[in-house]
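In: The amino acid sequence is not available; the structure is as follows:
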């Protein structure tokens, strides 16, 4: 029988942190984890939208334990401030869902001078995970789930130049680069956690093709051209619901049988029940993932400390 939200174990007493929790996959994950009893910290850039999402969930789940906290992944100062506050308010984190992301945006920079998509989708989450590692290690068996996408297959492994806006900037190519970085980050983190015998697991998931606000906003923004219009059409008429796209993420986060380093996604690539997928051996080679890691640490001034 296909895995569904009915298979999520009781989450009472657990603390989950979800980035981009006010809409799309993040909203669905927030609602389902809250339904199972978790305290969910909704890390959002716009707190008004976060509070509106809370109101929607509480209409269905009046007792949902939800906390809205401001997080701008495009600002490393914001990432670090968010993490410090969370560690003051909670003695541990059981689940971290690195979910928030931008898709095919016009050329631009984060507050730290990184190309917007690589800076927000990957580098912001890279630093967030490091900052929250003490809280993750304080849990009995914490999980970090990082969301990638099919666009990773067109991505290029991170270089210093690819963290910046190039003269020949292409929004879809930059998006692919960021999603490959998400995938490689999850795999390399899993390797490093295993090497130190950590109680934290790192997994990666992709939602397939699902109809969320991300596709709608992408097509409505400038610079996406024919590709943006196609993906909006495909997501709406051929894709899964937002909840369907969230199932691989939820399975990676909660399935008792899911293990460190595993990759979850729809059975038939873009749609279908959530299943464990095989790894991309070329894109997850130690040379490739280590290069991504070194560039990420260098560009953000962040050094991971694991197993302390």
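Out: Sure thing, it's come through. Model, not experiment: these values are computed from the prediction.

In: ranges for the helices of the stretch 201-308 of the chain?
Out: Listed in chain order, the helices of the stretch 201-308 of the chain (DSSP state H, counting those that start in this stretch) span 213-220, 225-237, 242-254, 286-300.

In: pLDDT below threshold where in this protein?
Out: Scanning the chain for pLDDT under 70 picks out the ranges 210-239, 308.

In: any idea which residue of it is furthest from its center?
Out: residue 167 (28.0 Å; C-alpha atoms, centre = their mean).

In: So which residues make contact with the helix or strand that contains residue 132?
Out: Secondary structure assignment for residue 132, by DSSP states H and E: helix 124-137. Outside of helix 124-137, the residues within contact range by C-beta atoms under 8 Å, 6 or more residues apart in numbering are 17, 19, 71, 73-76, 79-80, 82-84, 86-87, 90-93, 96, 98, 100, 110, 142, 144, 146, 182, 185, 189, 198-200, 296, 300, 302-308. For every residue, glycine as well, the C-beta is placed using N, CA and C.

In: list the buried ones in the helix or strand just after that helix?
Out: Next helix or strand after helix 124-137 toward the C-terminus (DSSP H and E): strand 143-147. Neighbour-count burial for strand 143-147, counted by 16 or more other C-beta atoms under 10 Å, picks out 143-147.

In: what are the ranges of the strands in the stretch 51-200 of the chain?
Out: All strands of the stretch 51-200 of the chain, identified by DSSP state E, counting those that start in this stretch, fall at 65-70, 95-98, 143-147.

In: Tabulate these (TSV), appending distance to residue 128.
Out: Shown next, in TSV, are those (distance: least, C-beta to C-beta, whole Å):
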stretch	distance to residue 128
strand 65-70	12
strand 95-98	7
strand 143-147	10
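
In: what number of residues lie near residue 171?
Out: 24 (other C-beta atoms under 10 Å).

In: Excluding chain neighbours, what is closest to it?
Out: residue 104 (4.0 Å; C-beta to C-beta, 6 or more residues apart in numbering).
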